[in-house]
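Q: model this:
(3 chains)
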Amino acid sequence: MAQATHTNQAAGTTPSDAEGGVKVVGIVCNWCSYAGADGAGTARLKQEYELRLLRVPCTGRIDPLFALKAFEKGADGVLISGCHPGDCHYSEGNYYARRKFELLDRMLPHLGIEPDRFKYTWVSASEAARWQKVVNEFVGQVKALGPREGRAL
Amino acid sequence: MRIGVFVCHCGTNIAGTVDSKGIAARAAELKDVVHTEDLVYTCSEPGQAAIQKAIKEKGLTRVVVAACSPHMHEVTFRRTVEGAGLNPFLFEMANIREHCSWIHEDYGMATEKAYEILKMSVAKVRQLEALVPNEVSVNKDVLIIGGGISGIQAALDLADAGLKVTIVERETTIGGTMARLDKTFPTLDCSACILTPRMVDAAQHENIEIMAYCEVEKVQGYVGNFTVDIRKKAAMVDWTKCIGCEICVQKCPAKAPDVFNVGLADTKAIYIPFPQAVPKRAAIQVDHCRWFQQGKCKVCERVCPADAIDYEQKDEYVQKEFGAIVMATGLDVFPWEDYYHEYGSGNIPDVISGLQYERMLNASGPTQGHVLRPSTMNIKGTEPEEPKTVVFIQCVGSRDESVGRPYCSSVCCMYTAKQAILTKSHTGMDTEIFVFYIDIRATGKGYEEFVKRAQTEFNVKYVRGRVSKLYEDTVDGGRKVIVRGVDTLLGKQVEVAADLVVLASGITAAEGSVQLAQKLNISYDEWGFYKESHPKLRPVETNTAGVFLAGACQSPKDIPTAVAQASGTAAKVLGLLLRDKLKTSPQIAIVDQNRCVSCWKCVEVCPFSAPQKEEQRDGTSKSKIIETVCQGCGICVATCPVNCITLKGFTTDAIIDQLEELLLV
Amino acid sequence: MAPDASIARAAVEAGAPTNPTEAKVRELAKAALSEGRVDYLIGWRHGYDRSQVIPGFVRTPEEADQLVVNPLVHHNLVTFLKRNMPDPPNARVGVCVKGCDSRTLVALLQEELVDKERIYVIGVPCQGTIDRRTIEKAFSDEVVDLAFTPETVTATTRMGETKEFQKADLLRKQCSVCHYPNPRYADDMAAEPVTPRAEGELTWPAIEEFEAMAPADKDAVLAEAFGKCIRCFACIHVCPVCVCWDQCVCRSRRPALVGQRVAPEENLMFQMIHMFHVAGRCPSCGACDQACPIEIPLYLLHQKMNKELYDMLGFEAGLELDQKPVFQTFDVDDPLGEH
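A: As a prediction, this is how the structure comes out:
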């Protein structure tokens, strides 16, 4: 059983500059990951600043093309999170989504986008501490790569 | 379009880290925003009144509230705007509390982030449409999964209110864990004496059907309209004929482990768990039956006076429909043998669990209520002995990070005190009893007084400290269990040579709780306890509409709390089902049939079979989504290659607009 | 009935069969047409001259003599089946398919987008097809004739220059590693099954070099290649499994997944939409690569996509009728992603 990382230590204390700052988009499912993020907020678990969330009912709603669109419009990182497989509120959405996101995960580097700029994962409504960890690790990864400069996408 | 933006301070919850006033003022620069306001507590009466005033005076056609999570107050504010005459679905919340002010410290950066979140919500609100909910008719029957005290209580409350209730119980009898207890704290009522009348009430109630030895296989449908497949397990006994006389049990030559008695004794291959079982019917455990394993015997068939044995019986499947489902699946005991190797891993016969001890204390248990040392039982030629020194160890499998159980099981301090008192009643006041504890949790009515009684009136010695090791040794020629612990109040290590050690093993979720949760699409935590919709405000509902919780399946609790909760659950179910029609969410998917190319991918992927092939006048077929069945997940929307399916409230254009608002400068 | 006059002006007549498969195809087509089993049949015929091959629609047994089978028959004729057949409305259609073509037909049949009862399929086991554009680039003059032996291709220009090529050097990218040259679905076969050029684990040599590049270099290559796309939609039209036609989301403003801006990222977005929509149904038949007037290396995308689907799930599109397209289904135990 993983140790809970209940910490109120500030994360991301080095603000990214306005110029060198990164923009990370997160698309999360309403029932699990959005609620998990709420839980992290209620527990005051400090997180990096650069993530902005979009809410959808289910990861099954997420077309992999949304991630491509986000990168095309200038996102430096895209995070997708939903219910653990088997626990989907609509029973099957994340099973379909899982296959699409895995293909997306493998295609993005082929399009010239570094693998560390995309992640799909599963965070449940009761995993507030895990949400904090996922966010801080992923945003940290993206910050390390810096803003993305691509011309193809 | 006329958008109103309201930014909440939430006292200092938001305003302490985010410049609510500032971002409200800035929002005026956004396209179509005609009104901006900051409010100290938007959800309060004056806050809501301010929104309504602005809607009416400024003719607002969209409203954005930047405040807490929509999970908190989206419902509240939808009602607010509806009260002012605006369609409640022309409303969006920007989460600048849980997702911003509460997780950041830098005022400047948090404020910038909050403004971006607000801008994204304004971009989204422009894409929203007025929506009107549909209505579905409601089935008023209730399914209760689990026939323990919580399931029985909820069933009786619902049945008394006039609803038809079905209890599906996977054992051959209802009663659950409470049926295995001897006496209950703090009154020392006999557990069976208060439980069995309820069991009989449930069995005899005209509105309750008990389906024992059954399991839920599959659940389909949605709130108000569930279709449930139930498997009636083959007991190998025809229950319409069995009269529960137990002659077959007496005559059966094959031994089998006795789950009801927690392995303290054996039962027979054909068994009835306990004398007051409801229904009182026999069942054969085929893994231990000589006929099924070796093709020999059939004694039960010969002796049964009712000719009820049926070796050919097969599992049967039935399908039933319900409007609501209550989960009352109860608990199991922490398998300490697999974790606490310092306590002997279950190999020391005189170290037993709290539930095993409960069976020993019970007059209808395997020792007829005599407290005996297991190491002296079943030895030819010697009489079993009573213990002179008994040690109880609290928090075995609870409050222990090292075994992955940091939570408190709520009942163990009390049942240990109870068992200590009962021990003295059984074996005499001169029996020495020690209880090793960390804290004593005696929070219920009369509980503290009960524990005090154990300490003062019954002279139970409470030692504050944990036990590091148990091992067997010979002391003065006798076989003992050495308990090595610490007394932190004295600051010394202590050792006790015990005759019997009882581990207050903690509570876990019932076996199979996770698989069942997945069948119902309800959430559970890492230990398999079911997740309530909100721990304080909605403790008996789940996030799956129509599925409710009662009892220990939600979290460890004692009998008074379980019974109170079960009645609360019944009230919530009544609140749902006493109407004739239910409003369904209008945030559902709709096909633009002009663009549909009849590829049927949507039909394939929908988990609810909502899209159907609808024949058009020209002979072609197009997809049509049945509004009352659609749950609004959006799988079909993401699957449709034409992108001609719209998910109201979460359209693709709304997502693209939010991305552009965020990313393009 | 005489051949359609408009085609006669543009297309040169075929002569006697140049190989047994060609003869068999003509024989099967004649039989189907004369017995009335099909209203018309789609195969390959010569174009302006004997160095060209185009799809041919034959309506009479006599016309069937125009059908040819040679290394130029790269066209995936299944694309003509992918919509309701309007000519006449209840026509029964015959079609010739190679191995890769048949997989796209199987993909359409899996989704019931083609009515099995209304098609007659002639399977043509394929020895590999060549990219005529490679030959063209070897000359400054127009190529007017191509002659084939099993191993060689001899080109003749209008001015009389000739050159012999090794067929192996001219094969389309996917042909040299083809595992499925024999049609997976056919009513009649025009030849005995041929030995595949590759067996065992699938390999993807055409994209290996690109895959090994650094992200910035990949970005540069793609920006250049897709910067040239003029969104003529030839690739979309010729792809058999791309079925939305005029309802295509790439032509629509709602939702605004692609815009009308001219930029490499818009073009690449458009291509990726196509790729994700054909994922699980595309066998990398290469029709899109052949159709592109600018020779954009679309195989960089679809071969990579199919490689990953194979790595992820061992999935290969269009092999069996009872297979489910990879994104229309799932396995609870899919070994994907974190848990």
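Q: helices along chain A, start to end?
A: Along chain A, the stretches classed as helices by DSSP state H are A:33-42, A:64-73, A:93-107, A:128-145.
Q: how about the first one, which residues are buried there?
A: To tie it back to what came earlier, the one meant is helix A:33-42. Neighbour-count burial for helix A:33-42, counted by 16 or more other Cβ atoms under 10 Å in any protein chain shown, picks out A:33-42. C-beta coordinates here come from the backbone N, C-alpha and C atoms, glycine included.
Q: can you put the residues you listed in a markdown table and add distance to C:Met312 and pLDDT?
A: What follows is those, written out as a markdown table (distance: Cβ to Cβ, whole Å; pLDDT from 0 to 100):
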| residue | distance to C:Met312 | pLDDT |
| --- | --- | --- |
| A:Ser33 | 23 | 96 |
| A:Tyr34 | 27 | 97 |
| A:Ala35 | 29 | 95 |
| A:Gly36 | 26 | 95 |
| A:Ala37 | 28 | 97 |
| A:Asp38 | 33 | 96 |
| A:Gly39 | 32 | 94 |
| A:Ala40 | 31 | 96 |
| A:Gly41 | 35 | 96 |
| A:Thr42 | 37 | 95 |
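Q: kindly format the C-alpha coordinates of the helix or strand where C:Thr104 lies as PDB.
A: Taking DSSP states H and E as the criterion, the element that holds C:Thr104 is helix C:99-110. Below are the C-alpha coordinates for helix C:99-110, written out as PDB (Å, rounded to 0.1, in the frame of the first residue of the first chain):
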ATOM      1  CA  GLY C  99      -4.800  -8.800 -50.900                       C
ATOM      2  CA  CYS C 100      -4.700  -5.300 -49.300                       C
ATOM      3  CA  ASP C 101      -7.900  -4.200 -51.100                       C
ATOM      4  CA  SER C 102      -9.700  -7.200 -49.700                       C
ATOM      5  CA  ARG C 103      -8.800  -6.200 -46.200                       C
ATOM      6  CA  THR C 104     -10.600  -2.900 -46.700                       C
ATOM      7  CA  LEU C 105     -13.600  -4.700 -48.100                       C
ATOM      8  CA  VAL C 106     -13.600  -7.000 -45.000                       C
ATOM      9  CA  ALA C 107     -13.400  -3.800 -42.800                       C
ATOM     10  CA  LEU C 108     -16.500  -2.500 -44.600                       C
ATOM     11  CA  LEU C 109     -18.300  -5.800 -44.300                       C
ATOM     12  CA  GLN C 110     -17.400  -6.000 -40.500                       C
END
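Q: enumerate the residues of chain A near chain C.
A: A:63-65, A:68-69, A:72, A:84-86, A:92, A:95-96, A:98-103, A:106-107, A:109-114, A:120-122, A:150-153 (Cβ under 8 Å from any Cβ of the partner chain).
Q: go again with 7 Å.
A: Counting by Cβ under 7 Å from any Cβ of the partner chain, the positions of chain A adjacent to chain C are A:64-65, A:68-69, A:72, A:84, A:95-96, A:98-103, A:106-107, A:109-114, A:120-122, A:150-153.
Q: can you list the low-confidence ranges for the chain?
A: Picked chain A for this. Using pLDDT under 70 as the threshold, the predicted model of chain A has low-confidence ranges A:1-20.
Q: switch to chain C, that's the one I care about
A: Across chain C, the ranges flagged by pLDDT under 70 are C:1-10, C:83-89, C:338-339.
Q: could you chop it up by domain?
A: Structurally, chain C divides into domains by automatic domain parsing as follows: C:5-189, C:205-328.
Q: as CSV, those domains with distance to chain B and mean neighbour count would be great.
A: Rendered in CSV, the data for these read as follows (distance: least, Cβ to the nearest Cβ, whole Å; neighbours: other Cβ atoms under 10 Å in any protein chain shown):
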stretch, distance to chain B, mean neighbour count
domain C:5-189, 6, 18
domain C:205-328, 4, 19
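Q: which helices and strands sit right next to the one helix or strand B:Val64 maps to?
A: Taking DSSP H and E as the definition, B:Val64 sits inside strand B:62-67. Using 3 or more Cβ pairs under 7 Å, 6 or more residues apart in numbering or on different chains; DSSP states H and E as the contact criterion, the secondary-structure elements in contact with strand B:62-67 are strand B:3-8, helix B:70-83, strand B:91-95, helix B:107-126.
Q: contacts for it?
A: The contact list for strand B:62-67, computed with Cβ atoms under 7 Å, 6 or more residues apart in numbering or on different chains, reads B:1, B:3-8, B:10, B:14, B:42, B:51, B:55, B:73, B:77, B:81, B:86, B:90-94, B:96-97, B:114, B:118, B:121-122, B:125-126, B:128.
Q: change it to 6 Å
A: By Cβ atoms under 6 Å, 6 or more residues apart in numbering or on different chains, the surrounding residues in contact with strand B:62-67 are B:3-8, B:42, B:77, B:81, B:90-94, B:96, B:118, B:121-122, B:125.
Q: which parts of chain C are strands?
A: Remark: strands assigned in chain C by DSSP state E are C:40-46, C:53-58, C:93-97, C:119-123, C:143-148, C:152-157, C:162-166, C:188-189.
Q: may I have the beta-bridge partners of B:Val481?
A: Each beta-bridge partner of B:Val481 is listed here, defined by DSSP bridges: B:Glu472, B:Ala498.
Q: please name the residues that touch it.
A: Applying Cβ under 6 Å, 6+ apart, we find B:Val481 in contact with B:350, B:470, B:472, B:498, B:501.
Q: phi, psi of the nearest residue to B:Gly176 once chain neighbours are set aside?
A: Across the structure, with Cβ to Cβ, 6 or more residues apart in numbering or on different chains as the measure, the residue nearest B:Gly176 apart from its sequence neighbours is B:Gly148 (2.3 Å). For B:Gly148, the backbone dihedrals (degrees, to the nearest 10) come out as phi -80, psi -170.
Q: thinking again about what came up before, right, and the domains of chain C - which one's nearest B:Leu578?
A: Each of the domains of chain C has some distance to B:Leu578 by Cβ to Cβ; the shortest is domain C:205-328, at 41.5 Å.
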